[in-house]
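> for reference, the sequence and a predicted model appear below.
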Amino acid sequence: MSRVGQKPVALPSGVTADIKGQAVAVKGKLGTLNINVDSNVEVKLVDGKVVLTPRNESRQTRMIWATSRNLLASMVEGVSNGFKQVLEIEGVGFKAAVQGKDLILNIGFSHEVRFPIPEGIAIKAEKPTLLSITGIDKQRVGQVAAVIRGYKRPEPYKGKGIRYQGEKIQRKEGKKK
């Protein structure tokens with residue numbers, strides 16, 4: 001039995017779950033998220049909690065059971081609190097700014113990099129070297145942060161580039177004379 005899958009997903013106040021067959025819609029103060037749960041997992045609403053149970057005992061069903069439970073838990077947290085990812089930009093002359101629906105990055109190229117901000121994601125340049133990415137969908141927030149970081153990954157000699165806040169870059173020693 002899955003220890004993760006057994007735990008019911010509690011719905012905090014202000015969050016509602018609408019279950020129609022395998023389709024689950026979670027609605028909260030920040031928005032609405034939808035998911036279609038695998039047909040091998042049964043979804044029920046019991047005493048203000050979403051309970052998932054497997055329909056059979058196959059290995060695949062047990063794996064998707066725990067995954068579905070965690071996806072639902074992330075949805076509930078997203079519509080109630082939201083998710084945030086912070087990126088730091090390090091390097092001489094490196095900076096970022098938000099202009100309308102575009103993120104403008106000056107990161108050492110001969111041109112500026114324009115990144116169109118996707119729907120449902122908010123990007124704020126708190127400082128020219130600090131980006132805050134927020135949204136209700138955990139996967140989309142992480143994906144946008146990874147794409148932005150991919151434009152200029154931190155290099156190991158001087159540490160220049162875009163990194164997650166708190167990320168440690170393993171530094172290498174340069175040439176010796």
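Sure, I can see it.

> what's next to stretch 69-86, contact-wise?
2, 4-5, 7, 9-12, 14-15, 17, 24, 26-33, 35, 37, 50, 52, 130-138, 141-142, 144-145, 164-165 (C-beta atoms under 8 Å, 6 or more residues apart in numbering). C-beta: built from backbone N, CA, C; applies to glycine.

> one more: stretch 35-48?
8, 10-11, 17, 19, 22-24, 26, 50-56, 58, 60-61, 64-65, 68, 71-72, 75.

> swap in 7 Å and give it another go.
11, 17, 19, 22-24, 50-56, 61, 64-65, 68, 71-72, 75 (C-beta atoms under 7 Å, 6 or more residues apart in numbering).

> now, which of those lie within strands?
Those of these mapping onto strands are 17, 19, 23-24, 50-54, per DSSP state E.

> got a quick ChimeraX command for the buried subset of those residues?
Here is the ChimeraX command that picks out the buried ones among the ones in strands among the contacts of stretch 35-48, judged by 16 or more other C-beta atoms under 10 Å:
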select :17,24,50,51,52,54
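
> could you dump the ones in strands among the contacts of stretch 35-48 into a markdown table and include pLDDT?
A markdown table is the format used below for these (pLDDT from 0 to 100):
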| residue | pLDDT |
| --- | --- |
| 17 | 90 |
| 19 | 90 |
| 23 | 92 |
| 24 | 91 |
| 50 | 90 |
| 51 | 90 |
| 52 | 90 |
| 53 | 90 |
| 54 | 90 |
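
> dump the ones in strands among the contacts of stretch 35-48 to TSV, plus distance to residue 159.
Listed next are these as TSV, based on distance: C-beta to C-beta, whole Å:
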residue	distance to residue 159
17	45
19	48
23	46
24	43
50	44
51	47
52	44
53	49
54	47
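
> now the residue sitting furthest away from the middle of the chain: how far from residue 163?
Distance from the C-alpha centroid of the chain, by C-alpha atoms, centre = their mean, peaks at residue 177 (45.2 Å). Residue 177 sits 30 Å away from residue 163 when distances are taken as C-beta to C-beta, to the nearest Å.
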